[in-house]
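A.B. asks: Would you be able to build a 3D model of this:
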Amino acid sequence: MPPFETIETDSTIVACNGDGGPLGHPRVFLNLAPAGRAECPYCSRLFVNPRAAEPGAAAAGHAGTATPSARGPGPAREDESPPPRQSPA
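C.D. replies: Numbering: from 1, shown residues only. Prediction:
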């Protein structure tokens, strides 16, 4: 099945939210390296960066990686304070 839509970009990391609104989906960040392409797991948009592809990466079957939304839980960054500690009940 062909991709829903192909979007060319100069970036190696892109964000997709399905165009937002009521028909959108949660924002995901897609890493186009090493293959130079990644497909959104929600809406099947294909993001392509022809300059990001490493030689032989596409032939090796590498695909882009989706990472969760920035709003999700994850390790604290250096510029953020740690989460508050909960006292035992």
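
A.B. asks: would you list every one of the helices in this protein?
C.D. replies: Counting by DSSP state H, no segments of the chain form helices.

A.B. asks: so where's it uncertain?
C.D. replies: For the chain, the stretches with pLDDT under 70 are 1-3, 53-84, 87-89.

A.B. asks: can we see that at 50?
C.D. replies: Counting by pLDDT under 50, the chain contains low-confidence residues at 57-63, 69-74, 76.

A.B. asks: Show me where it has its strands.
C.D. replies: Using DSSP state E, the strands found in the chain span residues 5-8, 13-16, 28-31, 37-39, 45-48, 65-67.

A.B. asks: Highest mean neighbour count out of those?
C.D. replies: Compared across these, strand 37-39 shows the largest average neighbour count, a mean of 23 (mean count of other CB atoms under 10 Å). Where you see a C-beta, it was placed from the backbone N, CA and C, and this is true even at glycine.

A.B. asks: Against which helices or strands is that one packed?
C.D. replies: Judged by 3 or more CB pairs under 8 Å, 6 or more residues apart in numbering; DSSP states H and E, the packing partners of strand 37-39 are strand 28-31, strand 45-48.

A.B. asks: List the pairing partners of the last one within its sheet, with orientation.
C.D. replies: Going back to what we said before, that points to strand 45-48. strand 5-8 (parallel), strand 37-39 (antiparallel) (DSSP bridges).
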